[in-house]
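Q: Okay, predicted coordinates and the sequence, questions at the end:
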Amino acid sequence: MTSSTPTPVALAARTVVLDLEGTTSAAGFILGDLYDYARPRLLPWLQEHADDEEVADARAQAITDAELPPDASDEDIVAALLAWMDSDVKATPLKTLQGQIWAEGFERHEITSQFFDDVIPKLHAWHASGVRLAVFSSGSVTSQRPWFKYSPEGDLSGLITDYFDTVKAGPKKAAESYRTIARALGDEPGQLVFFSDHPEEIAAASHAGWQVLAFSREGEPWFGADFGDAPVVGSFADVEVSRL
Ligand SMILES: CSCCC(=O)C(=O)COP(=O)(O)O
Ligand SMILES: [Mg+2]
């Protein structure tokens with residue numbers, strides 16, 4: 001029998017920016033527990049929050065993105081949202097509406113977040129050593145904040161200083177989004193490192209001059225993907241980050 005020891009990766013950075021699904025947290029949990037929570041709540045949410053500006057914008061954007069007629073009904077829009085959910089299409093209007101629904105679910109203690117066992121100890125250690133921690137996820141900032149507040153290990157929001165989503169920063173597969181985040185954080189690109197499970201996100205961050213670290217976790221959608229020249233690990237336990 002052969003055994004392989006993972007190669008530890010040592011990095012120096014001012015800020016670690018975290019992807020969530022597939023990196024800190026299991027896709028199966030998000031696509032299972034969280035999506036199941038959102039599905040039956042989409043139609044009543046649209047109906048009951050029709051006057052909310054963010055909901056109205058998401059509704060209009062969903063009509064455009066799904067190529068629905070301008071007078072599409074709430075039922076038509078929900079059918080498009082559900083189809084996106086079934087294929088895990090990370091459409092911004094879907095993420096806005098899911099995020100609002102989940103935020104309420106977290107506040108009501110009807111859902112909690114989930115992290116791989118190797119993640120939270122490292123977040124505490126890096127935060128304690130002065131490394132800034134931020135998030136860049138397709139999940140909306142409205143859902144990112146309670147994701148860290150209502151963790152199974154208590155409130156982790158004190159560890160995270162900045163949150164970015166595709167509304168604030170732009171698409172995760174576009175290098176310009178990483179330039180926007182670097183400017184917002186006041187860091188030089190090389191002072192930042194992006195952790196992600198997605199090859200195109202890793203390529204985009206790298207193109208913007210960031211350090212990158214790819215996560216290839218067994219059982220996750222991008223396990224075994226080709227990350228080009230990027231260093232690859234399977235666990236936060238294999239990573240050391242010192243403050244640059
Ligand atoms: C904040 S929990 C919900 C996360 C989510 O909806 C999502 O799509 C995560 O995708 P990521 O960009 O973090 O891979
Ligand atoms: Mg991801």
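A: Great, that's in hand. Ligands and ions are numbered 1, 2, ... in the order given.
Q: Nearest spatial neighbour of Gln98, chain-adjacent residues omitted?
A: Nearest residue to Gln98, sequence neighbours excluded (C-beta to C-beta, 6 or more residues apart in numbering): Ala38, at 4.8 Å. (C-beta placed from N, C-alpha, C; glycine too.)
Q: Go ahead and confirm that neighbour touches Trp102.
A: Yes. Under the criterion of C-beta atoms under 8 Å, Ala38 lies in contact with Trp102, with a separation of 6.6 Å.
Q: And the two? Which one has more around it.
A: Trp102 (27 against 23; other C-beta atoms under 10 Å).
Q: what separates that one from ligand 2, distance-wise?
A: 16 Å (C-beta to the ion, to the nearest Å).
Q: Alpha carbons only: can I get the longest helix seen in the chain in PDB?
A: Assignment by DSSP state H gives helix 92-107 as the longest helix of the chain. The C-alpha trace of helix 92-107 is given here as PDB (Å, rounded to 0.1, in the frame of the first residue of the first chain):
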ATOM      1  CA  THR A  92     -26.900  37.100  -9.000                       C
ATOM      2  CA  PRO A  93     -30.700  37.700  -8.600                       C
ATOM      3  CA  LEU A  94     -31.100  34.100  -7.300                       C
ATOM      4  CA  LYS A  95     -28.200  34.800  -4.800                       C
ATOM      5  CA  THR A  96     -29.900  38.000  -3.700                       C
ATOM      6  CA  LEU A  97     -33.200  36.300  -2.900                       C
ATOM      7  CA  GLN A  98     -31.700  33.200  -1.400                       C
ATOM      8  CA  GLY A  99     -29.500  35.400   0.800                       C
ATOM      9  CA  GLN A 100     -32.500  37.300   2.200                       C
ATOM     10  CA  ILE A 101     -34.400  34.100   2.900                       C
ATOM     11  CA  TRP A 102     -31.400  32.400   4.500                       C
ATOM     12  CA  ALA A 103     -30.600  35.500   6.600                       C
ATOM     13  CA  GLU A 104     -34.100  35.300   8.100                       C
ATOM     14  CA  GLY A 105     -33.600  31.600   8.600                       C
ATOM     15  CA  PHE A 106     -30.300  32.100  10.500                       C
ATOM     16  CA  GLU A 107     -31.900  34.800  12.700                       C
END
